[in-house]
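[1] what would the 3D arrangement of this be:
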Amino acid sequence: MKRAIAQVLPLTVTSRLTPVIRIVLAVGVASLLIGGIWSGLMRMGWALPAPHGRLALLHGPLFVCGMLGTVIGLERAVAVGRSWTFVGPALTLISGGAMLLGAPVSLAALLVTGGSLVLLAIFAVIIRRQPARFTMTMALGAAAWLGGNLFWLAGRPLALASLWWAGFLILTILGERLELGRLRNLPPLALWWFAAGVILLLGGLLLAGVAMDAGMRTTGAGFLALGAWLVQYDIARRTLRKPGLPRFSATCMLSGSVWLVIGGIIALLSGALYAGPFYDALLHAIFVGFVFAMIFGHAPIIIPALLHLPVRFRTWSYLPLALLHLSLLVRIGGDLAGLGDVRRWGGMLNAMAILLFLGLTALSIRQGRQASFRPNGAGEAH
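    Prediction:
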């Protein structure tokens, strides 16, 4: 893996990602993830201490703009290999830290908006190098992130910004899935289906800025179409037959895609949502069920590529994935049935699933590093 990265990136860029910088990035992203979990539990009514009173209101921005924005921006900066591209993830990481420390929300929103502008500029470079369906899809995702950040910066309802942020993550993941399966010969129906889903999603986002109800329903139709497209055409349907990490990743992708379908159905039927149990069900079907399932599946690939830390697949990796889906069923069941206590415990188990995943990943890294120092295992972790 290290050799592959060294062949793609200029030596001057890869040499700047020193072990100290990698540790800082890992600690920063982990802090934002834990802060996002903590603020989410507070938002659900769990009595937890906090550094400031606004933390519970920053649950979504911490997760999407701080943690995930930094990871996605860093991944693309490494791929492009130019020094200026690292400004984007630096801004979003600083923004996340500002949110945790209680800085003005307007400052955090401004920093994140700057980070999303850099990401959009990165994709301009990427598309110039490689104009393809998957790069353009991810570029549209970056544009959706910028749009959501501008709504947040302008003080528009967070529900509107969150809808655009969902578009950002969905289009980014779709682009990555297209990239992984780009050697497949998809039938014309698949390409038309994909294009229709993207058009519905983007059209719904634009419409939501002036008519939230119609925009939410149209976006929901896009979520539904794209989730069903992934279930039908994603390369995970093939890799599901392979043992080990390929099967685990495929299970993550396909199960997460089902949650995207569920989120689309909720948005399509509910229309404009700003708060309440149905709003909670919609957001977490997408941001927890879809996005975190994808994170679980991609982490064994992304962490070694970005941080040069060995992550090994173990059968126990299925434990946090199973707990994530089961706890989300409990949470959304509580939402739809109006059972607040069930919803809260489902949210707590969501948090436990993510923390279990973090713990098992850390254990895997430790075991991989130990194996790399053994005489017969020096190259095993790479």
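[2] tell me how the protein divides into domains.
    1-131, 181-372 (automatic domain parsing).
[3] looking at the chain, which helix or strand does the model trust least?
    Lowest mean confidence among the helices and strands of the chain (mean pLDDT, DSSP states H and E): helix 2-8, at a mean of 35.
[4] so how far is the longest helix that the chain contains from its chain's centroid?
    Ranked by residue count and defined by DSSP state H, the top helix of the chain is helix 340-372. Here helix 340-372 is found 16 Å from its chain centre; the criterion is Cα atoms, centre = their mean, to the nearest Å.
[5] report how many residues lie close to the closest residue to residue 271 other than its chain neighbours.
    If the residues on either side of it in the chain are set aside, residue 271 comes closest to residue 213, at 4.2 Å by Cβ to Cβ, 6 or more residues apart in numbering. Any C-beta I mention is one placed from the backbone N, CA and C, and that applies to glycine too. Burial of residue 213 is recorded as 13 neighbouring residues (other Cβ atoms under 10 Å).
[6] pull out the buried positions in the helix or strand harbouring residue 264.
    Taking DSSP states H and E as the criterion, residue 264 maps to helix 245-270. By neighbour count on 16 or more other Cβ atoms under 10 Å, the buried set for helix 245-270 is 245-268, 270.
[7] equivalent analysis for stretch 132-146, please.
    For stretch 132-146, the neighbour count (16+ other Cβ under 10 Å) marks 133-146 as buried.
[8] just confirm residue 137 contacts residue 173, I think it does.
    No. At 9.5 Å, residue 137 does not count as touching residue 173 under the criterion of Cβ atoms under 8 Å.
[9] quick check: buried residues in the longest helix of the chain?
    342-351, 353-354, 356-358, 360-361, 364-365, 368, 371.
[10] what's it packed up against?
    Counting contacts by 3 or more Cβ pairs under 8 Å, 6 or more residues apart in numbering; DSSP states H and E, helix 340-372 packs against helix 19-43, helix 277-284, helix 291-307, helix 318-337.
[11] columns mean neighbour count, mean pLDDT and distance to residue 101 on top of those helices, output as a markdown table?
    Listed next are these as a markdown table, based on neighbours: other Cβ atoms under 10 Å; pLDDT from 0 to 100; distance: least, Cβ to Cβ, whole Å:
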| stretch | mean neighbour count | mean pLDDT | distance to residue 101 |
| --- | --- | --- | --- |
| helix 19-43 | 18 | 82 | 10 |
| helix 277-284 | 22 | 89 | 25 |
| helix 291-307 | 20 | 76 | 24 |
| helix 318-337 | 19 | 92 | 29 |
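[12] having no further points to raise, I will conclude here.
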